[in-house]
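Visitor: Fold the following and give me the result.
(one chain, ligands or ions: 1)
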Amino acid sequence: MPAENVQNFIAGKWCDPIKPGETFLRKDPANGEEVSKHSQAGKADIDAAVAAAKKAFAGWRSTPQPKRAEVIYRSAEIARKRKEEIAQLMTREMGKPIAEARGDVQEAIDMGYYIASEGRRAWGLQIPSELPNKRMYTMRQPLGVCGLITPWNFPIAIPTWKTYPALLMGNTVVFKPASETSLLGKRFTELLIEAGVPSGVFNLVVGAGSTCGNALVEHPDVRMISFTGSTTTGLGIAAKAAPLNKRVSLEMGGKNPVVVMDDADLELACNAILWAAYGTTGQRCTACSRAIIHAAVYDKLLKMLVEGAKKLHVGHGSDPKSFLGAVVNEKQLKSIHGYVEIGVKEGAKLECGGAPLTQGEYAKGHFYPPTILSGVTPKMRVAVEEIFGPVLSVIKAKDYDDAIAIANNVEFGLSGSFFSRDVNLCHRASEEMEVGLCYINAGTTGAEVSTPFGGWKNTGNGHREGGPTVIDAFSEIKTVITDYSGKVQKAQIDNN
Ligand code: NDP
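Guide: Below is the predicted model of the structure:
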């Protein structure tokens, strides 16, 4: 199949870049077959897209909110009909196993239904006044043009987490997907076009982060940037946006721990860790990359984990047997392997995996097997730095306090799990783990669309996607005060 071309979508029209840059060719990371290509857009295309979004803003903000919700609902319905085709493409474009690709599309559908249902809700507040004959309430209003920058690992779900609430609240959008998954960005755009999104309300620009992404961040007419990606990129964006006083919502890296106590159901913990560590080939922001195990059950659980990891099948994502698909690209493969080498040099023991797979069916792709490093100590780089691949660092803890201290001893704070049958300890852990998402007796992955999603410390900057909190991220609150007493009433003075 020839590579499908991806254009920009600006002011309701598909178009080539104004000054086409180099061609970006995307190949299936499992077998090297060509999947998609695009000419890299540049600053001029971002300028055109922002201008289109700015022009469309007045019409979209004055469209009643339930009507805006209908566009979102329809696009989710179209995604439901096209689910299998989009999932198959996702597996080829970024490598995730087909069952997970279907899950990614399902998450997008769920987000569409969820946000559309907010169309008739997303309420403001009515606030009692301290003075008579005075009414106070809040209303939500849009921010303006929002720039959305997304990564490749959830190429349909993450764009919907940002686009749907942005559009619902009356904002207009310029969307820059990850270069690796521009074709999925095109598919997402098709859903919105078919659903009837008005011209200019949603615009797609495909180009490099360093040019297009940066131009979006620096554009004076973009009021908000919503970014998901690495911590380095996210903090750079925040620094550039600060002097322009833009709202910036950041979802960044993680180093997510699973803590297992001596009284835990070890089989449950083992299965949960394997799924959380190796699902999406470890390339989830919420992936478990540290198992922190109580000394009393350390040896037993480590053995179970190694046996379990060795049984997981690695292969092309379209093969239903594959638990792990290909790693997204060669750079990422090298980075993962580099970390394993660092871990071994630092004194960790390689229990399984530990080298790229290069023979037979793996020869044309980027494959890395499920890998376990044991004897990891809390200060090693493999204990604190994000690897973003199928590598699990196993750390021994003396007791509960030691385990929680190790779990919290990282710059990130996205997701964390705690396994124990002691209800008191479970409640303590849910208070003491420094994370945005705390799972009790469940793995670190699997957030649902209706729950607030985001992390502490260097994972985020206080905003939450998902759940009702995402409505706050994409709207301004206005407090309206009406005094119908007919006189000048002085708050804090006349009520004594
Ligand atoms: P990057 O930060 O490299 O890229 C993310 C997006 O930012 C891409 O669209 C990229 O464009 C763009 N970008 C890159 N540089 C700039 C820049 N200077 N200005 C503006 N935009 C830029 O991350 P990855 O794509 O490698 O994704 C992996 C990372 O994302 C991991 O660290 C992971 O933890 C994190 N992540 C976090 C999630 C969360 O919710 N917390 C969810 C998923 C991933 P281009 O593709 O063209 O480089």
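
Visitor: can you list the residues of the stretch 101-250 of the chain near the ligand?
Guide: Taking Cβ under 6 Å from any ligand atom as the contact definition, the stretch 101-250 of the chain meets the ligand at 149-153, 176, 178-180, 208-210, 213-214, 217, 228-230, 233, 236-237. C-beta coordinates here come from the backbone N, C-alpha and C atoms, glycine included.

Visitor: Which members of those residues are positioned in helices?
Guide: Of the positions in these, 214, 217, 233, 236, 237 sit in helices, assigned by DSSP state H.

Visitor: Next, format those residues as TSV and append pLDDT.
Guide: Converted to TSV, these look like this (pLDDT from 0 to 100):
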residue	pLDDT
214	98
217	98
233	98
236	98
237	98
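
Visitor: does residue 250 count as helix, strand or coil?
Guide: Three-state assignment for residue 250 (DSSP: H, G, I helix; E, B strand; the rest coil): strand.

Visitor: Can you get me a residue count around it?
Guide: For residue 250, the count of nearby residues is 24 (other Cβ atoms under 10 Å).

Visitor: separation between the closest residue in space to residue 75 that isn't next to it in sequence and the ligand?
Guide: The shortest distance from residue 75 to any non-neighbouring residue, by Cβ to Cβ, 6 or more residues apart in numbering, is to residue 195 (3.7 Å). Distance, residue 195 to the ligand, using Cβ to the nearest ligand atom, to the nearest Å: 24 Å.

Visitor: Show me this structure divided up by domain.
Guide: The chain breaks down into these domains under automatic domain parsing: 4-252+460-479, 256-440.

Visitor: returning to that earlier point: test my guess that the residue nearest to residue 75 contacts residue 80.
Guide: No. In this structure, residue 195 is not within contact of residue 80 by Cβ atoms under 8 Å, at 11.9 Å.

Visitor: So which of the two has more stuff around it?
Guide: Using other Cβ under 10 Å as the criterion, residue 195 and residue 80 rank with residue 195 on top: 19 against 15.

Visitor: What score does the more buried one have for pLDDT?
Guide: Looking at residue 195, its pLDDT stands at 98.

Visitor: try the one 3 residues further on
Guide: Looking at residue 198, its pLDDT reads 98.

Visitor: give me the number of residues near residue 363?
Guide: Look at residue 363: counted by other Cβ under 10 Å, it has 11 neighbours.

Visitor: what helix or strand is residue 9 on?
Guide: Secondary structure from DSSP states H and E places residue 9 in strand 8-10.

Visitor: So which other helices or strands are in contact with that strand?
Guide: Packing partners of strand 8-10 (3 or more Cβ pairs under 8 Å, 6 or more residues apart in numbering; DSSP states H and E): strand 13-15, helix 43-61, helix 182-195, strand 202-204.

Visitor: ok, and what's touching the first one?
Guide: To tie it back to what came earlier, the one meant is strand 13-15. 7, 8, 9, 199 (Cβ atoms under 8 Å, 6 or more residues apart in numbering).

Visitor: before we move on, what about the longest one?
Guide: Helix 43-61 has contacts (Cβ under 8 Å, 6+ apart) with 8, 10-12, 17-19, 68, 141-142, 144-145, 147, 167, 170-174, 176, 198-201, 203-205, 207, 211-212, 215-216, 219, 221-222.

Visitor: now the residues you listed: which count as buried?
Guide: Burial by neighbour count, judged by 16 or more other Cβ atoms under 10 Å, picks out 8, 10-11, 17, 68, 142, 144-145, 147, 167, 170-174, 176, 200-201, 203-205, 207, 211-212, 215-216, 219, 222 from the contacts of helix 43-61.

Visitor: Verify the stated contact: residue 18 with residue 39.
Guide: No. Counting by Cβ under 8 Å, residue 18 does not reach residue 39; the two are 10.4 Å apart.

Visitor: Run through the stretch 51-200 of the chain and note the low-pLDDT ranges.
Guide: Applying pLDDT under 70 to the stretch 51-200 of the chain flags no residue at all.

Visitor: Which parts of it are helices?
Guide: 65-81, 83-94, 98-117, 157-168, 182-195 (DSSP state H, counting those that start in this stretch).

Visitor: Of all those, which one is nearest residue 254?
Guide: Residue 254 lies closest to helix 157-168 among the helices of the stretch 51-200 of the chain, at 14.3 Å (Cβ to Cβ).

Visitor: next one: phi and psi at residue 483?
Guide: Torsion angles at residue 483 (phi, psi; degrees, to the nearest 10) stand at phi -100, psi 110.

Visitor: To what extent is the residue nearest to it when sequence neighbours are not counted buried, counted in neighbours?
Guide: Nearest residue to residue 483, sequence neighbours excluded (Cβ to Cβ, 6+ apart): residue 134, at 4.8 Å. Applying other Cβ under 10 Å, we find 15 residues neighbouring residue 134.

Visitor: Could you tell me how far residue 134 is located from the ligand?
Guide: Distance of residue 134 to the ligand, computed by Cβ to the nearest ligand atom: 43 Å.

Visitor: Same question for residue 363.
Guide: Distance from residue 363 to the ligand, by Cβ to the nearest ligand atom: 25 Å.

Visitor: what's the answer for residue 135, then?
Guide: 40 Å.

Visitor: Neighbours of that residue, how many?
Guide: Neighbourhood size, residue 135 [other Cβ under 10 Å]: 13.

Visitor: Likewise for residue 69?
Guide: 22.

Visitor: so who does the nearest residue to residue 83 once chain neighbours are set aside touch?
Guide: Leaving aside its chain neighbours, residue 83 sits nearest to residue 105 (4.8 Å; criterion: Cβ to Cβ, 6+ apart). Contact analysis of residue 105 by Cβ under 8 Å, 6+ apart lists 79, 83, 86, 87, 90, 156, 157.

Visitor: if you set the cut-off to 10 Å instead, what comes out?
Guide: Residues counted as contacts of residue 105 (Cβ atoms under 10 Å, 6 or more residues apart in numbering) are 79-80, 82-87, 89-90, 155-157, 160, 184, 187.

Visitor: What of residue 371?
Guide: Residue 371 neighbours (Cβ under 10 Å, 6+ apart): 277-278, 282, 309, 336-337, 339-340, 343, 350-355, 387, 389-393.

Visitor: Give me the phi and psi for the residue nearest to it when sequence neighbours are not counted.
Guide: Distances taken as Cβ to Cβ, 6+ apart place residue 353 nearest to residue 371, at 3.1 Å, with adjacent residues excluded. With angles defined as degrees, to the nearest 10, residue 353 sits at phi 70, psi -140.

Visitor: how many other residues sit next to residue 353?
Guide: For residue 353, the neighbour count with other Cβ under 10 Å is 24.

Visitor: Could you verify my assumption that it touches residue 344?
Guide: No. Under the criterion of Cβ atoms under 10 Å, residue 353 makes no contact with residue 344, lying 11.7 Å away.

Visitor: and for those two, which residues touch both?
Guide: Counting by Cβ under 10 Å, 6+ apart, the common neighbours of residue 353 and residue 344 are residue 373.

Visitor: Distance check, the nearest residue to residue 430 once chain neighbours are set aside against residue 447.
Guide: Spatially, and ignoring its direct neighbours in sequence, residue 430 is nearest to residue 438 (5.0 Å; Cβ to Cβ, 6+ apart). As for residue 438, its distance to residue 447 is 12 Å (criterion: Cβ to Cβ, to the nearest Å).
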